[in-house]
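Colleague: fold the following and give me the result.
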Amino acid sequence: MKVYISKTLKGCLLFIWALGFPVSLWAQSMDSLEKVLATNKMTEKEKIQIYHKLVQGYFNLNYRKAIDYGLKGVSLSEKFNDEKMLAKFYSNIGNAYYRGGVFDTATYYLDKAILVAQKLKDYRIEVVASVAYGAIYQEQSLYDQSLKSYFKAAKILESRNDSKGLSTIYSNIGGIYQILKNYGPALSFLEKAKKIALERNDKGELVHIYIIE
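Modeller: Numbers count the residues shown, from 1 in each chain. This next block holds a predicted model:
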């Protein structure tokens, strides 16, 4: 049995917010949220949550809009000293810039996200940012640095016995080893990814792993 994974992993950076959810439905959801926002009948703290949902929704539809709403979220989060949301917006903006191929700006925001996440001891935000770093390095064929970032993210989750997201990270690691034609580790990590995804009945993660008998 051989296991293959696509080289491009942009769709799984944030552990697949919208995997399996039709783009048309996301678009409808974003339109509804924007209409609510336009009424201005909400508190600024409620706006923070709407901005966050819009960033998530537009991440796979329009990365520029995701960045715009992310920056608005940053402004309000700073106003209310909401550091957790601030870290999330920084991470999301960094990922959006990555989607747009603007790597230097992406890493600027990812660094900011990691600093706040470490201050808050929010390991999940740190993991998301580390995975994004791995993908950025991978896009530039800097495979050693990419593996280092992915292993960092995996170690954080493993140390907390948190399997959510590990399948994606193991798949990324296996995909790089495959590119490097280091097939032993590639198969090992892809099999580990498959095992976790099956245990969690996570069909979203399995979409990124193709099994050929």
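Colleague: convert the C-alpha atoms of stretch 190-209 to PDB, please.
Modeller: What follows is the C-alpha trace of stretch 190-209 in PDB, where atoms were taken according to Å, rounded to 0.1, in the frame of the first residue of the first chain:
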ATOM      1  CA  LEU A 190       1.400   9.500   6.500                       C
ATOM      2  CA  GLU A 191       0.200   6.200   8.100                       C
ATOM      3  CA  LYS A 192       0.200   7.900  11.500                       C
ATOM      4  CA  ALA A 193      -1.900  10.700  10.000                       C
ATOM      5  CA  LYS A 194      -4.300   8.200   8.500                       C
ATOM      6  CA  LYS A 195      -4.600   6.300  11.800                       C
ATOM      7  CA  ILE A 196      -5.500   9.400  13.800                       C
ATOM      8  CA  ALA A 197      -7.900  10.600  11.200                       C
ATOM      9  CA  LEU A 198      -9.700   7.200  11.200                       C
ATOM     10  CA  GLU A 199      -9.800   7.100  15.000                       C
ATOM     11  CA  ARG A 200     -11.400  10.500  15.100                       C
ATOM     12  CA  ASN A 201     -13.600   9.700  12.200                       C
ATOM     13  CA  ASP A 202     -12.300  12.900  10.700                       C
ATOM     14  CA  LYS A 203     -13.200  12.700   7.000                       C
ATOM     15  CA  GLY A 204     -12.000  16.200   6.500                       C
ATOM     16  CA  GLU A 205      -8.400  15.200   7.200                       C
ATOM     17  CA  LEU A 206      -8.700  12.100   5.200                       C
ATOM     18  CA  VAL A 207      -9.500  14.100   2.100                       C
ATOM     19  CA  HIS A 208      -5.900  15.200   2.100                       C
ATOM     20  CA  ILE A 209      -4.500  11.700   2.200                       C
END
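Colleague: tell me, how many residues neighbour the closest residue to Leu206 other than its chain neighbours?
Modeller: If you skip the residues right next to it in sequence, Leu206 has Ala197 as its closest partner in space, 4.9 Å away by C-beta to C-beta, 6 or more residues apart in numbering. C-beta: built from backbone N, CA, C; applies to glycine. The tally of other residues near Ala197 (other C-beta atoms under 10 Å) stands at 23.
Colleague: mind listing what Ala197 touches?
Modeller: By C-beta atoms under 8 Å, 6 or more residues apart in numbering, the contact set of Ala197 is 167, 203, 205-206, 209.
Colleague: name the element it belongs to?
Modeller: Assessed by DSSP states H and E, Ala197 sits inside helix 183-199.
Colleague: quick one: residues contacting Leu147.
Modeller: Here Leu147 is in contact with 134, 173, 176 (criterion: C-beta under 8 Å, 6+ apart).
Colleague: closest one of the residues you listed to Pro185?
Modeller: Of all the contacts of Leu147, Ile173 has the smallest distance to Pro185: 7.8 Å, by C-beta to C-beta.
Colleague: how near is the closest one to Ala135?
Modeller: As defined by C-beta to C-beta, to the nearest Å, Ile173 lies at a distance of 12 Å from Ala135.
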